[in-house]
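> any chance you can model this:
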Amino acid sequence: MPATIIDGKSLAARLREQLGTDVEHFKRSTGRSIGLATVLVGNDPASEVYVGSKRRLSQQAGITDHHRRLPGDATQAQVAGVLDDLAADPTVSGILLQLPLPDHLDTKELIDRIPWEKDVDGLTTISAGRLARNVEGLLPCTPLGIISLLEDEGVQLQGTNVVVVGRSDLVGKPVAQLVLQKNATVTIAHSKTKDLAAFTRQADVVIAAAGVPHLLGAEHIFPGAVVIDVGIHRSPGGLIGDVDFDAVSKIASKITPVPGGVGPMTIAELLRNTLKAAQLQN
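Residues are numbered from 1 along each chain as shown. Prediction:
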């Protein structure tokens, strides 16, 4: 029996609709606006598309747009100055520094200039520490979206075996911590893991976030497992993920497509983080 397709576009739309209501309630009850500042350095085409989507959907939800654009040759001090100005601006609830940055910039240093209570990407060192200590804060958007998808599908994480394939600060490590907080037993593997299939075939849930096209095939998945594919890559046939969808969808119980799975959830969670940031600051 083919796998159930987990529709991230549908859930993201529902979350954004509810968010619009919540944003209006916040503004009425506090008399304060909610603002999202996106900072784009350079003219990377993919980054321009991503930022454009974030700005458009945030405005649809009633969030004020505070966009800043800098040239690709902007200096470390120039980018830092923009971030510091936004950090001090009380009308800005959240700050998003679009990645990747040009190679000459120190990404980690710039990210850490964002106050944790405005860090809607959940990427600062303080945000990572609050996640590790299970203290309230702003969490990375893609991992949050994965948890929301699993919960919406009724997937119980407590007591299950979860294998996260990928160890990035953006997805792999934080999503492993989040599912661990849900009382799952978690294994972190990656593209260099010896006999990767020996680990993934033991999993009730596989989260593929290694950034390697079609890294996981049918031989990696136990029949009936839930598969979340975070990867997105351009190929001659269109966008593909870290999972061979055609092969794995024949044996998994549930699977996210690429595109239309995890991707839409990332922006939905970014917007929810912006509201949460405003609530924390209020």
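
> would you map the strands across the stretch 101-250 of the chain?
For the stretch 101-250 of the chain, the strands defined by DSSP state E, counting those that start in this stretch occupy 161-165, 185-189, 205-208, 226-229, 233-235, 238-240.

> where is the longest helix in this structure?
In the chain, taking DSSP state H as the definition, the longest helix is helix 8-30.

> and that one, how far from the chain's centre?
The chain centre lies 18 Å from the centre of helix 8-30; the measure is C-alpha atoms, centre = their mean, to the nearest Å.

> can you check stretch 219-230 too?
20 Å.

> got the end-to-end distance for that stretch?
Its start and end residues considered, stretch 219-230 measures 19 Å (C-alpha to C-alpha, to the nearest Å).

> buried residues, it. List them.
Along stretch 219-230, these residues count as buried under the neighbour rule (16 or more other C-beta atoms under 10 Å): 220-222, 225-230. Quick note: C-beta positions are derived from backbone N, CA and C, even for glycine.

> that stretch - what's its average pLDDT?
Stretch 219-230 shows a mean pLDDT of 98.

> and the protein, what are its domain boundaries?
Domain ranges of the chain: 31-115, 140-263, per automatic domain parsing.

> how far off centre is the last one?
Put plainly, it is domain 140-263. On C-alpha atoms, centre = their mean, the centre of domain 140-263 falls 13 Å from the chain's centre.

> the first one too?
On the basis of C-alpha atoms, centre = their mean, the separation between the geometric centre of domain 31-115 and that of its chain is 16 Å.

> nearest residue to the middle of the protein?
For the chain, the residue sitting closest to the mean C-alpha position, by C-alpha atoms, centre = their mean, is residue 142 at 1.6 Å.

> residue 23 reaches residue 34, doesn't it?
Yes: with contact defined as C-beta atoms under 8 Å, residue 23 reaches residue 34; the gap is 5.8 Å.

> which residues are common contacts for the two?
Jointly contacting residue 23 and residue 34 under the rule C-beta atoms under 8 Å, 6 or more residues apart in numbering are 62-63, 275.

> can I get the residues you listed in TSV including secondary structure?
Shown next, in TSV, are the shared contacts of residue 23 and residue 34 (DSSP: H, G, I helix; E, B strand; the rest coil):
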residue	secondary structure
62	coil
63	coil
275	helix
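
> quick one, what contacts residue 137?
Counting by C-beta under 8 Å, 6+ apart, the residues that residue 137 touches are 116, 122, 126-127, 130-131.

> now these as JSON lines including neighbour count and distance to residue 262?
Listed next are the contacts of residue 137 as JSON lines, based on neighbours: other C-beta atoms under 10 Å; distance: C-beta to C-beta, whole Å:
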{"residue": "116", "neighbour count": "18", "distance to residue 262": "24"}
{"residue": "122", "neighbour count": "24", "distance to residue 262": "15"}
{"residue": "126", "neighbour count": "16", "distance to residue 262": "25"}
{"residue": "127", "neighbour count": "24", "distance to residue 262": "20"}
{"residue": "130", "neighbour count": "18", "distance to residue 262": "23"}
{"residue": "131", "neighbour count": "21", "distance to residue 262": "19"}
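
> lovely, talk soon.
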